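Undergrad: sequence unknown, structure follows:
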């Protein structure tokens, strides 16, 4: 007996995206499950290029690990908690620097944890499109923080531009996959949601590169 069957599933289950849902398996969507490991790549490449690791960079990497685990959990089970965690972990990546710039360094880890827990609670009670809307709201707050702290200088930031471009294209693929508009073969090897994982992983890398490498690390509340 599969453990996941004992819990309430997501409201979209079993028709959550293009990939075929193996409802009697421990991993409901294998391709989306394994492609979730892409979120570990930004950790490797960021650490490879960083000259100095700070408390903030370490916490950012930890948040990416949480995102990876949440995405694996989500695509393995599609129980309501796992999907709420998946959306919440996306939220902590997008809203990370909003929290960094608003709280004292000694309270940063606690504040990030509270932000994550709050989003789990909010997402747990929402259906798919309100969850997506909440994530978009977090993105808008994050973009406002960029405008507020950097001004129009972000227009000249190549890494940030790449990050936003990859995020936009990945979100488009996410929507195409969700609505099964085109290129939807449930038993195929490539799906929009799989590409969403790789695209957003690289988006996270370029965003972190802009924050931690291209910009002055001293501008962050590092220690």
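TA: Received the coordinates, thanks. What you see is a predicted model, and the numbers here were worked out from it, not measured in a lab. Numbering: from 1, shown residues only.

Undergrad: how about the helices in the chain?
TA: Here the chain has its helices, by DSSP state H, at 30-35, 41-49, 55-77, 80-94, 96-100, 108-124, 128-150, 158-179, 192-209.

Undergrad: Where does pLDDT dip in the chain?
TA: 1, 216-223 (pLDDT under 70).

Undergrad: middle-most residue in this structure, spatially?
TA: residue 90 (3.0 Å; C-alpha atoms, centre = their mean).

Undergrad: hang on, that residue packs against residue 135?
TA: Yes - contact criterion C-beta atoms under 8 Å: residue 90 and residue 135 qualify, at 5.6 Å. Heads up, the C-betas are built off the backbone N, CA and C, glycines and all.

Undergrad: before we move on, the earlier item: could the helices of the chain be laid out in CSV, adding distance to residue 22?
TA: Listed next are the helices of the chain as CSV, based on distance: least, C-beta to C-beta, whole Å:
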stretch, distance to residue 22
helix 30-35, 7
helix 41-49, 26
helix 55-77, 10
helix 80-94, 15
helix 96-100, 33
helix 108-124, 24
helix 128-150, 20
helix 158-179, 17
helix 192-209, 15
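
Undergrad: Which of these sits closest to residue 18?
TA: Closest approach to residue 18 among these (C-beta to C-beta): helix 158-179, 4.8 Å.

Undergrad: roughly how far is the closest one from the heart of the chain?
TA: Put simply, helix 158-179 sits 12 Å off its chain's centre (C-alpha atoms, centre = their mean, to the nearest Å).
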